[in-house]
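Chemist: I'd like to go over a predicted model; first the sequence, then the structure.
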Amino acid sequence: MNTWVELDGARVYAEEVGDGPTTIVVPPAWGVSHEFYQALLGELGLPLRLIYFDPEGTGASGRLPTGWNSGRILDEVEAVRSQAGGGQSVLLLGHAGGAFLSLAYALDHPHNVAGLILVSPFAGYRRTDEMSGPRLESHPQWSSFQQRVREIKRVEMTPAEQFRAIFKEQRVVDMFDYGPHYFQMADAADEADFNPAMHEDTETDLLDELPAIEAPVLIVTGEDDPLSPLEECRLIAGELPYVRLIELPRCGHYPFVEAPEAFTKAVEDFLADLD
């Protein structure tokens, strides 16, 4: 089922699939429409009523508003919860930058959050970047990735097309090779709309605020994730009062793609505990 959510005179497109506790899939701030995560999560059969939406600037939701910043997505999450989510407290599911925004929303709207499912999260961009930089640069595929970026930039294409091409190339580093998992992610990227004009919040660090989050939290992360390192996930878990941390071996930045059965079980066990 799809619907339109009204927000300050704008319209945000939302789409609902599945049955279970209402769960808003929080997109990252760097600009991707709902098709990307719907393609990756949809095959898992999670026991959730998942609500995906296109943040403004992507997909069917129209242009970025004047003066846009990444905090606007938190307003969109609240509008989706109030209208498409029935106004009740909901679960939030966020991956990487979407997990960062999920934490920010939980701090701003504590009474509207029944729980958080955070996948490969980070609480501060700069700290995470400092941790991940050396790992990325030492990766055996890093130099070839950099070469591919130079080649892509020599080809005439739109900013969105260039962003998509580079995005897919870096997934070789995140996922170690061009195996089946990579192609599943690449197919999802081809379905989605990207907006390189959007950006993440690189200044805010939420770590010291996390003890205020009283909602139960599930963190699922890959032990080999080069972008949201295990150390960052453990820092986050150490600050949250009610948290379960699942560390998946031989898994990178996309646990729901690389270890779908383990990821699904972690979510099911979390929901059972909520009940």
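Modeler: Arrived safely. Residues are numbered from 1 along each chain as shown.

Chemist: Who are the contact partners of the residue nearest the centre of the chain?
Modeler: The residue lying closest to the centre of the chain (CA atoms, centre = their mean) is His95, at 2.6 Å. Taking CB atoms under 8 Å, 6 or more residues apart in numbering, we find His95 in contact with Pro28, Tyr37, Val119, Ser120, Tyr254, Phe256. Every residue, glycine included, has its C-beta placed from N, CA and C.

Chemist: Can you tell me how far the closest residue to the fourth one other than its chain neighbours is from Gln184?
Modeler: By the measure of CB to CB, 6 or more residues apart in numbering, the closest residue to Ser120 outside its immediate chain neighbours is Ser228, 4.0 Å from it. Distance, Ser228 to Gln184, using CB to CB, to the nearest Å: 19 Å.

Chemist: With neighbour numbers in mind, choose between these two.
Modeler: For Ser228 versus Gln184, neighbours defined as other CB atoms under 10 Å are more numerous around Ser228 (27 against 18).

Chemist: what about Leu227, which SS state?
Modeler: coil (DSSP: H, G, I helix; E, B strand; the rest coil).

Chemist: Quick check: it touching Ser120?
Modeler: Yes. Here Leu227 lies in contact with Ser120, judged by CB atoms under 8 Å, at a distance of 7.1 Å.

Chemist: Touching both of those two, which residues are there?
Modeler: What both Leu227 and Ser120 touch, as defined by CB under 8 Å, 6+ apart, is the set Ala96, His253.

Chemist: What ranges does this structure have for its strands?
Modeler: Under the criterion DSSP state E, the chain carries strands at the ranges 2-7, 10-17, 22-26, 49-53, 90-95, 113-119, 217-222, 243-248.

Chemist: What residue spans form the domains of the chain?
Modeler: 2-128+198-274, 133-191 (automatic domain parsing).

Chemist: Mean pLDDT for those domains - can I get that in JSON lines?
Modeler: Below are these laid out as JSON lines (pLDDT from 0 to 100):
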{"stretch": "domain 2-128+198-274", "mean pLDDT": "96"}
{"stretch": "domain 133-191", "mean pLDDT": "93"}
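
Chemist: which of those domains is buried the deepest?
Modeler: Neighbour counts (mean count of other CB atoms under 10 Å) averaged over each of the domains of the chain peak at domain 2-128+198-274, with a mean of 20.

Chemist: coming back round to it: keep only those of the contacts of His95 that are in helices.
Modeler: When DSSP state H defines the helices, the subset of these inside them is Tyr37, Phe256.

Chemist: between the contacts of His95, which is closest to Ala188?
Modeler: The nearest member of the contacts of His95 to Ala188, counting by CB to CB, is Tyr37 at 7.8 Å.

Chemist: List the residues that contact Pro196.
Modeler: Trp30, Gly31, Pro159, Ala160, Gln162, Phe163.

Chemist: Relative to Lys153, how far out is the fourth one?
Modeler: By that I understand Ala160. Ala160 is 14 Å from Lys153, by CB to CB.

Chemist: what do you get for the fifth one?
Modeler: If you measure Gln162 against Lys153 using CB to CB, the figure is 7 Å.

Chemist: Likewise for the second one?
Modeler: Applying CB to CB, the value for Gly31 to Lys153 is 19 Å.

Chemist: And the first one, by the same measure?
Modeler: Look at Trp30 and Lys153: by CB to CB, they are 18 Å apart.

Chemist: now Leu235
Modeler: According to CB to CB, Leu235 and Lys153 sit 35 Å apart.

Chemist: same thing with Leu46?
Modeler: Leu46 is 38 Å from Lys153, by CB to CB.

Chemist: what does Ala266 give?
Modeler: 39 Å.

Chemist: How about His95?
Modeler: Counting by CB to CB - His95 and Lys153 are separated by 27 Å.

Chemist: repeat for Glu232
Modeler: 30 Å.

Chemist: can you check Glu258 too?
Modeler: Counting by CB to CB, the gap from Glu258 to Lys153 is 29 Å.
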